[in-house]
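# For reference, the sequence and a predicted model appear below.
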Amino acid sequence: MWGTAFLPLAAASGCSWAPLPGDEDFRDGPPTVERRFTRCAVALDAAGGHQSGLFQTLAFGAAPDVSVFSDEMVRTCSEGLIFKEVFINHRYLAATEAPEMARLDGRQKWVRVGACVPKPCGEVFADLALPRLLEWRGKSERYHPAPGPCASEENSEFNDGACYAFLNREIFWEHCMAGTLVWRLLSDASFFDRLFGAQIRSLPEDELGASDQPEHQQAALAHYKACRLGGGSYFGVHFNAMAQLAEGYELGMCLPSLHTSWSPSMDPMLEWWLGSRMSRFPDIDVDADSVQAFELVHRSELGVRWAVVGLGRSGTTSLAAWLDTHPRLQLLHHPGDFFREGSFEYLFRRSHLEHLVRKAEIQAVKARPGVLVGIKEPSLLRSDRGRQMLAEMKRTKVLIIVKNWADWLKSSLLFATPACTPESITRLEDPCPFAFQEAHVLRKVQDLHRKGVSTGRIKVVHLDALLEEGPTGLQRIAAFLGAGNRTHARLGPMGREGNVAEKEVEFWEELCSLPKESLQQLERQRNAATDGLADLLRRSSAKEAEITAQESYWRTVEF
């Protein structure tokens, strides 16, 4: 699999400084350039990759004083390692954002750079080992090409123009990026190998947050975090297996950081790495034509600054549409969705990718300059998993709107499919199971607080109050969201949208004709749902300057 995987990759790469290895380079033979690169890559990986102390031996201007190193560093610099030096043009160090550039004399055109590296890296120090050491320091996630004409073994005059042209070509040349990524994988194979194979599609399709395999989600998140901390990019890779029983897989895969757009020239590199990792499973052959890869990020990286998350059937659509009229607020939603939802193609409802998000979907969001984008998704408040998602979106303000409980009951019953009636819910009959607890706002707010959502991120408002306030209410909410508190003359009153309730007269007639016992039962449900709501509204409706004072209130709440 190694040899066949490298053939299409070699044709797609034009890296003159990083020759691609062939199958013969993994066996003994004459010391070709390819074989020297391969041996150095394997030696760097064996030395511990980016988790080793090699990058700490980098010295600018003079060899390191081993006597000042720790015992661990002394061993690192002496056991099977040699100290190598090279002169580097200042342009290269500036392009790779080396922090030492701040200490250099502006007239200095070259800098002596040395480090301890494995002996097999002695002949390819500048081409392979040095770029990896610069990246492993973690000071920059920038793509580090080999110095090429920006390096010299002797203290000689540099061709500054050639160095400049080389850097511009190598940094942005995507064909070369594919070959560069192969060498990054080879020289840190153990790190990337540990972060391969987490099940990305691990949550069930039927109900949000009801996964009976939470370890899958935990493994995916752990792999993702370790990958990003190590300077990598995390991908979900889908492929079909060629076996007696064809199966589809979507596995997590960590790759070196990609600071350029993905292009077809990189596909062979990904397929090669996938094939080499899957080769440990002899019963599974990867169908190369089926491979699809999507870079993933965590939802905490979403640029969503506010979210209308409930209470469903209480005016969420009207509130979301109203906020969208503010010049500094923008609602993300699917254009064809009547209820102003569907942001990120219903990302927050999909059960497959709940824990990691396709980066392309985030990048597709084009907010206007200076505008705070938001979403409307009531399902986030209803479920435990949804509330956990809100807790992870640490920059997102949470808006909850409520209305008169009887009006909420009417809207919820008439919106149900099939429509429910007041009489049927008091008997708790199927096909009309009704979840009264969905209106228990205080409990849900308390749970958000337990999960780490600070009180300064939550605002509860009442529909009737907003309708009465008009533009002043919109400006008050906008100030809470961080959109400023300056009055805008063009702000209008709150509209009424998304009202699909029908047969309201019949509903009220039936409600009022219920037996006394049924009405008392509904009153008990109302008391439970609205318990503590008055205090929530009183505190949440305070001006933005007073919101921080609510912390004392939350310390008195029993959880």
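Nice, I can see it. Numbers count the residues shown, from 1 in each chain.

# Residue 86 is in contact with residue 151, correct?
Yes: using CB atoms under 8 Å, residue 151 is in contact with residue 86, at 5.2 Å. Placement of C-beta: from N, CA and C, glycine included.

# any common contacting residues for these two?
The contact sets of residue 151 and residue 86 overlap at 126, 130 (CB atoms under 8 Å, 6 or more residues apart in numbering).

# quick one, strands of the stretch 51-200 of the chain?
59-60, 81-89, 110-118, 151-152, 196-199 (DSSP state E, counting those that start in this stretch).

# The stretch 351-500 of the chain now?
Under DSSP E, counting those that start in this stretch, the stretch 351-500 of the chain gives strands at 357-358, 372-376, 397-402, 458-462.

# Near residue 479, how many residues? Count them for me, please.
15 (other CB atoms under 10 Å).

# Check residue 399 too.
That count, for residue 399 with other CB under 10 Å as the rule, works out to 25.

# Show me what it is bridged to.
residue 308, residue 459 (DSSP bridges).

# does it really touch residue 308, like I thought?
Yes: between residue 399 and residue 308 there is a contact under CB under 8 Å: 4.8 Å.

# overlap in contacts of the two?
Common neighbours of residue 399 and residue 308 (CB under 8 Å, 6+ apart) are residue 319.

# Please tabulate the strands of the stretch 51-200 of the chain in CSV, including the columns distance to residue 388 and mean pLDDT.
Shown next, in CSV, are these (distance: least, CB to CB, whole Å; pLDDT from 0 to 100):
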stretch, distance to residue 388, mean pLDDT
strand 59-60, 46, 88
strand 81-89, 46, 90
strand 110-118, 44, 90
strand 151-152, 50, 88
strand 196-199, 19, 89
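
# now, of these, which is deepest in the fold?
strand 110-118 (a mean of 22; mean count of other CB atoms under 10 Å).

# Which other helices and strands does that one contact?
helix 33-46, strand 59-60, strand 81-89, helix 90-95, helix 130-136 (3 or more CB pairs under 8 Å, 6 or more residues apart in numbering; DSSP states H and E).

# tell me the mean pLDDT for the last one?
Taken as a whole, helix 130-136 has a mean pLDDT of 89.

# returning to what we had before: out of the strands of the stretch 351-500 of the chain, the one nearest residue 484 is which?
When these are compared for distance to residue 484 using CB to CB, the nearest one is strand 372-376, at 10.0 Å.

# what helices or strands is the closest one leaning on?
Secondary elements touching strand 372-376 (3+ CB pairs under 8 Å, 6+ apart): strand 306-310, helix 316-324, strand 329-331.

# got the phi/psi numbers for residue 514?
phi -70, psi 150 (degrees, to the nearest 10).

# Next up, the contacts around residue 302.
Applying CB under 8 Å, 6+ apart, the residues contacting residue 302 are 344, 357, 362, 393, 396.

# Need the pLDDT of it.
83.

# do the same with the one 10 residues further on
At residue 312, the pLDDT value in this model is 92.

# what about the residue nearest to it when sequence neighbours are not counted, how many neighbours?
Nearest residue to residue 312 in three dimensions, chain neighbours excluded: residue 378, at 3.9 Å (CB to CB, 6 or more residues apart in numbering). Using other CB under 10 Å, residue 378 is surrounded by 23 other residues.

# Relative to residue 444, how far out is residue 378?
Applying CB to CB, to the nearest Å, the value for residue 378 to residue 444 is 11 Å.

# Next: residue 37.
On the measure of CB to CB, residue 37 and residue 444 end up 57 Å apart.

# Who has more neighbours out of these two?
Regarding residue 37 and residue 444, a neighbour count based on other CB under 10 Å identifies residue 37 as having more, with 26 against 23.

# looking at it, the more buried one is touching residue 123, isn't it?
No: between residue 37 and residue 123 there is no contact under CB under 8 Å: 9.3 Å.

# Quick check: which ranges of the stretch 401-550 of the chain have low pLDDT?
419, 428-431, 485-489, 498-502, 541-550 (pLDDT under 70).

# Show me the helices in it, by range?
405-415, 422-426, 441-450, 463-469, 471-481, 504-512, 516-530, 533-540, 544-547 (DSSP state H, counting those that start in this stretch).

# per-domain residue ranges of the protein.
Annotated domains of the chain cover 2-186, 195-297, 300-554 [automatic domain parsing].
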